[in-house]
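Student: sequence first, predicted coordinates after that:
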There are 2 protein chains.
Amino acid sequence: MDRRQKSPPSLQPPPALPTPPRPTTPKGRETRARLLASARHLFGERGYGLVRVSDITDAAGISAGAFYRYFEDRRTLMLELLAVFHEDVYRSVSAPWDPDDPRASVEATTLAYLELYGENHDLFGILIELAPSDPQGAEIGLYARRRFHIRIEHSLDRGIREGTIRPDLDTRAAAELLGSMTEFYAPQRFNPGYGSTSTAPLASIAQTLADVWTDGVTRRD
Amino acid sequence: MDRRQKSPPSLQPPPALPTPPRPTTPKGRETRARLLASARHLFGERGYGLVRVSDITDAAGISAGAFYRYFEDRRTLMLELLAVFHEDVYRSVSAPWDPDDPRASVEATTLAYLELYGENHDLFGILIELAPSDPQGAEIGLYARRRFHIRIEHSLDRGIREGTIRPDLDTRAAAELLGSMTEFYAPQRFNPGYGSTSTAPLASIAQTLADVWTDGVTRRD
């Protein structure tokens, strides 16, 4: 059985959100940013489901009607928050990769991800809450996940060419499995209801993950 | 830094569900089982949120009033389905462990889990849907997860004593990380919205996971 069955990776960015055109004046941009920041704060505090548009405009000190100059609705605003946030996450785990020391790169990337997740677990929690029922919300998370997996897969493929990774590894499956390890540890640690019991510092978790990860895929001979 | 910070494992089974007493007659037991089976089918078909008690009793061919002789409400029935199901899952991944060939044991356990997940991804989907909003539903999933992690942790601790596992491993963190790999790959593969792209047969995924896992934790010297 060939264990390296590959279809060409298909990665389409999620479709653009139906938001009104971006404001062109400094004041308009500031108002829009203020609405995003208020919503970010309130969603984090109460969860997405319990926040109304009027709560957001009250907190931002902006009239209720003005909201719709900047956003189609509450859901569109939330989807934009998620998209911007995932872009930040992707940038933070795209730190320079040192091919001579993959272990250190995995450790640094993992620690960056876990710290960012810890600081924003409320937003990640919203994504977990929405994914099953909001296809567009799920799409945003899915795109981020697949970009992450493709990045791991390419690193593993390069390692095979360079002779550091075991040549029989199904790099696509391994990338998804290894990505799962990072991605699913985080909600267990930070989101109530997924409770992890390990209390070791995040730096130490990242070290354990990097050890397991790199030894799990490198050649032994 | 001591990487093996351990608190005593606290594992309390979820509190018993407030269901009416089990029927004692064969006919009563059969009726109750019929309600469970109808609900299982309908939840799988439409999702938990869209199924009413009357749908369940109609499908089971039982009067609406009789339902409440067997279950407190729709939610209690669902929680019981989940509890019974998780018990089945746990049994299926508790296959005999061969200390001389951990790789084969991990592979068999992983394949059993993935196959069971594939056949029941609708029920797992309900758990994903409910966990953030239903503390008792989350509790059932959490209990299953922690039993699974404790089992891995004990295997790793035994491996350290027997000299097969690297002695510096934080076995609790490793157990949670390794458990995440299996547990989170599955929804990506089977639940829409978590989409995995690897199309390799499950047997091959289980093999890749077992390779990565065992090489990731065993001694190299």
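Tutor: Yep, that arrived.

Student: when you work out contacts or count neighbours from here on, use the C-alpha atoms and nothing else.
Tutor: Will do.

Student: surely A:D170 meets B:Q207?
Tutor: No - distance between A:D170 and B:Q207: 9.7 Å, which falls outside the contact criterion (C-alpha atoms under 8 Å).

Student: and the residue nearest the centre of chain A, how far from chain B?
Tutor: Centroid-nearest residue in chain A, with C-alpha atoms, centre = their mean: A:H86, separated by 4.5 Å. The gap separating A:H86 from chain B is 15 Å, by C-alpha to the nearest C-alpha, to the nearest Å.

Student: you'd agree that residue is up against A:G141?
Tutor: Yes - A:H86 is within contact range of A:G141, at 7.5 Å (criterion: C-alpha under 8 Å).

Student: nearest residue to the residue nearest to the centre of chain A other than its sequence neighbours?
Tutor: Among residues not flanking A:H86 along the chain, A:A144 sits closest, at 6.3 Å (C-alpha to C-alpha, 6 or more residues apart in numbering or on different chains).

Student: now do the SS call for the one you found.
Tutor: At A:A144 the chain is in helix, as set by DSSP: H, G, I helix; E, B strand; the rest coil.

Student: correct me if wrong, but the residue nearest to the centre of chain A is in a helix.
Tutor: Yes - under three-state DSSP, A:H86 falls within a helix.

Student: what is the neighbour count of A:S133?
Tutor: 12 (other C-alpha atoms under 10 Å in any protein chain shown).

Student: let me fix that, I meant to ask about A:A203.
Tutor: The burial count for A:A203: 17, using other C-alpha under 10 Å.

Student: centre of the chain versus the host helix or strand of it, how much separation?
Tutor: Applying DSSP states H and E as the criterion places A:A203 in helix A:202-217. Chain-centre distance of helix A:202-217: 20 Å, with C-alpha atoms, centre = their mean, to the nearest Å.

Student: swap in stretch A:170-178?
Tutor: With C-alpha atoms, centre = their mean, you get 18 Å for stretch A:170-178.

Student: what ranges do the helices span in chain A?
Tutor: Counting by DSSP state H, chain A has helices at residues A:26-46, A:53-60, A:67-70, A:74-92, A:102-119, A:121-130, A:135-162, A:171-190, A:202-217.

Student: from B:L127, how far off is the closest residue to A:L130 other than its chain neighbours?
Tutor: Spatial nearest neighbour of A:L130, excluding adjacent residues (C-alpha to C-alpha, 6+ apart): A:G137 at 6.4 Å. Per C-alpha to C-alpha, to the nearest Å, A:G137 is found 19 Å from B:L127.

Student: quick one, which of those two is more surrounded?
Tutor: More neighbours surround A:G137 than the other of A:G137 and B:L127, with 25 against 20 (other C-alpha under 10 Å).

Student: by mean pLDDT, point me to the weakest helix or strand of chain A.
Tutor: Least confident helix or strand, chain A: helix A:121-130 with a mean of 78, by mean pLDDT, DSSP states H and E.

Student: quick revisit: what residues are up against the residue nearest to A:H86?
Tutor: A:86-87, A:90 (C-alpha atoms under 8 Å, 6 or more residues apart in numbering or on different chains).

Student: how's chain A carved up into domains?
Tutor: Per the record, chain A has its domains at A:26-72, A:80-217, by automatic domain parsing.

Student: hey, least reliable of the ones you listed by pLDDT?
Tutor: Of all the domains of chain A, mean pLDDT reaches its minimum on domain A:80-217 (a mean of 84).

Student: grab the nearest non-local neighbour of A:F67.
Tutor: Nearest non-adjacent residue to A:F67, counting by C-alpha to C-alpha, 6+ apart: A:T57, 6.9 Å away.

Student: tell me how many other residues crowd that neighbour.
Tutor: With other C-alpha under 10 Å as criterion, A:T57 counts 19.

Student: what about it, distance to A:L79?
Tutor: Distance from A:T57 to A:L79, counting by C-alpha to C-alpha: 17 Å.

Student: what about stretch A:84-102, how long is it end to end?
Tutor: Start-to-end span of stretch A:84-102 (C-alpha to C-alpha) is 28 Å.

Student: what comes up buried for it?
Tutor: Buried residues in stretch A:84-102, counting neighbours by 16 or more other C-alpha atoms under 10 Å in any protein chain shown, are found at A:86, A:89, A:93, A:97, A:102.

Student: one more: stretch A:46-63?
Tutor: In stretch A:46-63, the ones that count as buried by 16+ other C-alpha under 10 Å are A:47-48, A:51, A:53, A:56-57, A:59-60, A:62.

Student: reformat those residues as CSV; add distance to A:L11.
Tutor: Compiled in CSV, the buried residues of stretch A:46-63 are given as follows (distance: C-alpha to C-alpha, whole Å):
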residue, distance to A:L11
A:G47, 30
A:Y48, 28
A:V51, 33
A:V53, 33
A:I56, 34
A:T57, 36
A:A59, 38
A:A60, 37
A:I62, 39
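
Student: ok, of the residues you listed, which one's closest to B:G159?
Tutor: Distance to B:G159 across the buried residues of stretch A:46-63 (C-alpha to C-alpha) is lowest for A:G47, with 43.0 Å.

Student: tell me if I'm right that the closest one and A:F124 touch.
Tutor: No - using C-alpha under 8 Å, A:G47 is not in contact with A:F124; the gap is 10.7 Å.

Student: need the contact partners of stretch A:23-41.
Tutor: Taking C-alpha under 8 Å, 6+ apart as the rule, stretch A:23-41 contacts A:22, A:56-57, A:59-60, A:62, A:67, A:70, A:77-78, A:81, A:123.

Student: same check, this time on stretch A:116-124
Tutor: So stretch A:116-124 is in contact with A:40, A:43-45, A:47, A:82, A:89, A:186-187, A:190-191, going by C-alpha under 8 Å, 6+ apart.

Student: rerun at 10 Å
Tutor: Here stretch A:116-124 makes contact (C-alpha atoms under 10 Å, 6 or more residues apart in numbering or on different chains) with A:40-41, A:43-48, A:78, A:81-82, A:85-86, A:88-89, A:92-93, A:110-112, A:114-115, A:125, A:127-130, A:141, A:183, A:186-187, A:189-192, A:202.

Student: fine by me, we can end here.
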